[in-house]
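# Sequence isn't available, so here's the structure alone:
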């Protein structure tokens with residue numbers, strides 16, 4: 001289940017009041033990219049893609065956490081009954097569906113870490129999970145970024161970027177370009193879109 005587009009926008013606005021920062025616009029850019037790619041693909045629901053993109057980082061509502069934002073977002077969306085959004089809160093950080101490729105601090109309790117592990121093992125990723133992973137790798141707070149520049153920035157900030165995750169993101173870009181039938185940067189209006 002998902003909130004409506006208007007409800008999702010309101011959830012994000014309320015969350016930003018709790019923890020203001022660039023993550024809100026990053027979420028809007030992710031949503032924009034997801035909607036545009038879904039429209040171009042012809043086989044994905046663009047409203048659903050937009051909503052999932054908008055809420056993928058909603059765990060940031062609860063403060064400046066790294067891995068903790070994943071469990072916070074998952075738990076928050078589940079508490080509201082939005083299981084599809086909860087899944088994307090979880091999967092957007094794990095291209096290989098394990099916590100091994102997480103980039104950032106492990107700032108969770110043992111219980112939160114166990115929740116993430118168990119939920120990851122129990123789910124089956126679909127095209128929406130993959131779409132949001134791609135869009136998360138394209139989205140800056142000020143607009144759409146070159147995927148390799150964005151990953152390079154993450155690598156500089158955190159000191160590492162697993163090669164398998166890097167390669168997976170490039171494969172996702174290629175996959176969705178093939179579905180859309182054109183360059184992903186044209187689809188997402190990289191040169192003109194601003195949140």
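Now that the structure is in, tell me what you want to look at. This one's a predicted model, so the numbers in the text were calculated from it and none came from an experiment. Numbers count the residues shown, from 1 in each chain.
# Low-confidence regions, the protein specifically.
By pLDDT under 70, the chain has no low-scoring segment.
# Which residue ranges of it form helices?
Assigned by DSSP state H, the helices in the chain fall at 5-18, 23-41, 46-55, 68-79, 83-91, 110-122, 127-136, 147-158, 163-180, 184-187.
# For residue 103, which of the ones you listed is the nearest?
helix 147-158 (5.1 Å; C-beta to C-beta). All C-beta spots, glycine's among them, are computed from the backbone N, C-alpha and C.
# what comes up buried for that closest one?
Neighbour counts using 16 or more other C-beta atoms under 10 Å place 147, 150, 151, 154 of helix 147-158 among the buried residues.
# rewinding a little: compile the helices of the chain into TSV and extend it with columns for distance to residue 62.
Converted to TSV, the helices of the chain look like this (distance: least, C-beta to C-beta, whole Å):
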stretch	distance to residue 62
helix 5-18	7
helix 23-41	12
helix 46-55	14
helix 68-79	4
helix 83-91	12
helix 110-122	11
helix 127-136	19
helix 147-158	21
helix 163-180	25
helix 184-187	32
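# Between those, which one is closest to residue 98.
Using C-beta to C-beta, the nearest of these to residue 98 is helix 110-122, at 6.8 Å.
# And the contacts of that closest one?
For helix 110-122, the surrounding residues in contact (C-beta atoms under 8 Å, 6 or more residues apart in numbering) are 67-68, 70-71, 74-75, 90-91, 94, 97-99, 106, 108.
# make it 6 Å
For helix 110-122, contacts defined as C-beta atoms under 6 Å, 6 or more residues apart in numbering pick out 70, 71, 90, 97.
# Leaving out chain neighbours, which residue sits closest to the third one?
So the one you mean is residue 90. Distances taken as C-beta to C-beta, 6 or more residues apart in numbering place residue 74 nearest to residue 90, at 4.7 Å, with adjacent residues excluded.
# same check, this time on residue 144
Closest to residue 144 by C-beta to C-beta, 6+ apart is residue 190, at 4.0 Å.
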